[in-house]
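K.L.:
I would like the atomic coordinates for the input below:
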Amino acid sequence: MRKGIAFSLGLQAFVALTLALLSLLAGPVAAYSSLAGSVAVFLPGLLFTLLVTGKIGGDSAAFLRTAVVAEFAKLGLTAVLCTVVFLGIEPLAPGYFFLGLVGIVVAGRIGMTRVFRE
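P.N.:
Residues are numbered from 1 along each chain as shown. Down below sits the predicted model:
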């Protein structure tokens, strides 16, 4: 399972860098906006993964409790990071920001198919 999780995180990192490089064709603002969107969703997902994987295979009540807390932490951190990006980065290309954000979410879902095949 851990190999599949590592694959999923690696795929997300690869997609983030690929989208940023492709967005560079539209200009540097598009590239860093895409990267900011990717980071805004990748970091909370990484935090969730680190918190939850430590509880896999143990007590199911502890796992569920950790998963719920980690999910709320992920949502909160995502909201904070998106707010920081939109208020703190000038100029920002919102379309490219959301391109990076959605790209990482989709890559995460594709990567998770590998986790569940193990």
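K.L.:
pLDDT (mean, whole number) over the helix or strand Gly10 falls within?
P.N.:
Here Gly10, judged by DSSP states H and E, is contained in helix 2-23. On average, the pLDDT along helix 2-23 is 93.
K.L.:
Do me a favour and average the pLDDT over the helix or strand following it.
P.N.:
Next along the chain after helix 2-23, taking DSSP H and E as the criterion, comes helix 28-53. Helix 28-53 shows a mean pLDDT of 95.
K.L.:
And helix 28-53, what does it pack against?
P.N.:
helix 2-23, helix 60-88, helix 94-117 (3 or more Cβ pairs under 8 Å, 6 or more residues apart in numbering; DSSP states H and E). C-beta here means a position set from N, CA and C on the backbone, and glycine is covered the same way.
K.L.:
what angle separates that helix from helix 94-117?
P.N.:
30 degrees (axes from the mean of the first three to the mean of the last three Cα atoms, to 10 degrees).
K.L.:
now helix 28-53 against helix 2-23, angle please.
P.N.:
Going by the same axes, to 10 degrees, helix 28-53 makes 170 degrees with helix 2-23.
K.L.:
Which residue would you name as the spatial centre of this structure?
P.N.:
By Cα atoms, centre = their mean, the chain has its centre lying nearest to Phe42, at 2.1 Å.
K.L.:
so it touches Gly103, yeah?
P.N.:
No: Phe42 is not in contact with Gly103 according to Cβ atoms under 8 Å; the separation is 10.1 Å.
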